[in-house]
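>>> My questions concern the predicted model and sequence given below.
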Amino acid sequence: MDVMSGRYGVRGAFVTVVGAVLISGAAGCAADTPADRRAPFVAGSGAPVVVPGAPGGAARTATPGERIGESDARTGAADVRFAEAMIPHHRQALEMAGLVAGRDAGAEVAALAGRIAQGQGPEIATMTSWLASLGRPAPAAHAHARRDAYGMATPEEMNRLRGARGTAFDTLFLRLMIRHHEGAVRMAEEELRDGADRLMREMARDVVSGQRAEIGRMRRMLAA
């Protein structure tokens, strides 16, 4: 999300000042996410969050995922579902990107994999910290998002990708990653439709804009 700077290059950086941004929330909290629970105020991995210093002191920039405090807003069940599904979804994207090295991939595919790794790792950290602020653990390392709905590769497809080399690898990687991105966009659109938390909605907006742009680039790469 550039917001996840260096990832997609579709948005310029901007500065968020603490106190100007609150994580919003409202309706439909999950049974284990009480409706009266304050939403955590967690720094994202995109727009810098500037934390004012003591009177007369210098301000500082919060690190991605840092819990700064609490807002008066509420977090809804859709927000939690989004984070809990997107974390394993991102993990698979990182796994796919990690396969590029040593498989004679083309320069464009290698550059794409680098952007994915650079952008989605910090996003995982931010969502993990956000969930922890609610008292919820991140999904286990072996957990999977809904492959049928969100475009994740099957174990068989991942094995085919591991065994491919050169042009065959590039083609399969692009086809699988296009579908994977399309799934992420659908997931983000669900958050924008149903979610209330400001940080999760901001992440979802950037997934939609950033990954749609990447889908267009990957389709052009396949067609070349």
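Perfect, thanks for sending it.
>>> use CA for all of it now, contacts and neighbours both
Fine.
>>> If you average pLDDT per helix and strand, which one of this structure comes out bottom?
Lowest by mean pLDDT, DSSP states H and E among the helices and strands of the chain is strand 16-17, with a mean of 34.
>>> Gly151 and Gly183 touch, don't they?
Yes: if you go by Cα atoms under 8 Å, Gly151 and Gly183 touch, sitting 4.6 Å apart.
>>> quick one: contacts for Met177?
Applying Cα atoms under 8 Å, 6 or more residues apart in numbering to Met177 gives the contacts Ala93.
>>> Over the host helix or strand of it, what's the mean pLDDT, rounded is fine.
Element membership for Met177 (DSSP states H and E) is helix 166-194. On average, the pLDDT along helix 166-194 is 97.
>>> Arg217 and Thr75, how far apart?
35 Å (Cα to Cα, to the nearest Å).
>>> In terms of neighbours, single out the busier of these two.
Comparing Arg217 with Thr75 by other Cα atoms under 10 Å, the one with more neighbours is Thr75, at 29 against 16.
>>> Okay, buried residues for stretch 85-97 please.
The neighbour-count check on stretch 85-97 (16 or more other Cα atoms under 10 Å) flags 85-94, 96-97 as buried.
>>> the helices in the chain, which residues?
With DSSP state H as the criterion, the chain has helices at 77-98, 107-133, 147-150, 155-163, 166-194, 198-223.
>>> Distance to Ala141 added to those, as JSON lines?
As requested, these are exported to JSON lines (distance: least, Cα to Cα, whole Å):
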{"stretch": "helix 77-98", "distance to Ala141": "7"}
{"stretch": "helix 107-133", "distance to Ala141": "12"}
{"stretch": "helix 147-150", "distance to Ala141": "16"}
{"stretch": "helix 155-163", "distance to Ala141": "15"}
{"stretch": "helix 166-194", "distance to Ala141": "18"}
{"stretch": "helix 198-223", "distance to Ala141": "21"}
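>>> worst average pLDDT in those?
Among the helices of the chain, helix 147-150 carries the lowest mean pLDDT, at a mean of 70.
>>> And stretch 103-120, what's buried?
Across stretch 103-120, burial judged by 16+ other Cα under 10 Å covers 103, 105, 109-110, 112-120.
>>> swap in stretch 164-182?
Buried residues in stretch 164-182 (16+ other Cα under 10 Å): 164-165, 169-174, 176-182.
>>> Surely Met187 touches His180?
No: with contacts counted by Cα under 8 Å, Met187 stays clear of His180, the gap being 10.7 Å.
>>> Contact partners for the closest residue in space to Ile124 that isn't next to it in sequence?
Closest residue to Ile124 apart from its sequence neighbours, by Cα to Cα, 6 or more residues apart in numbering: Ile87 at 5.6 Å. Ile87 makes contacts with 124, 127-128, 138-139, as judged by Cα under 8 Å, 6+ apart.
>>> from the residues you listed, which single one is nearest Glu191?
Met127 (13.6 Å; Cα to Cα).
>>> Met203 versus that closest one, what's the distance?
On the measure of Cα to Cα, Met127 and Met203 end up 9 Å apart.
>>> tell me, what's touching the two both at once?
Counting by Cα under 8 Å, 6+ apart, Met127 and Met203 have no common neighbour.
>>> mind listing what Ala138 touches?
So Ala138 contacts 84, 87, 128, 131-132 (Cα under 8 Å, 6+ apart).
>>> any idea which of those is the one closest to Pro155?
Using Cα to Cα, Ile87 is the member of those that lies nearest Pro155, at 17.8 Å.
>>> if I look at that closest one, how far off is Gly195?
Ile87 sits at a distance of 16 Å from Gly195 (criterion: Cα to Cα).
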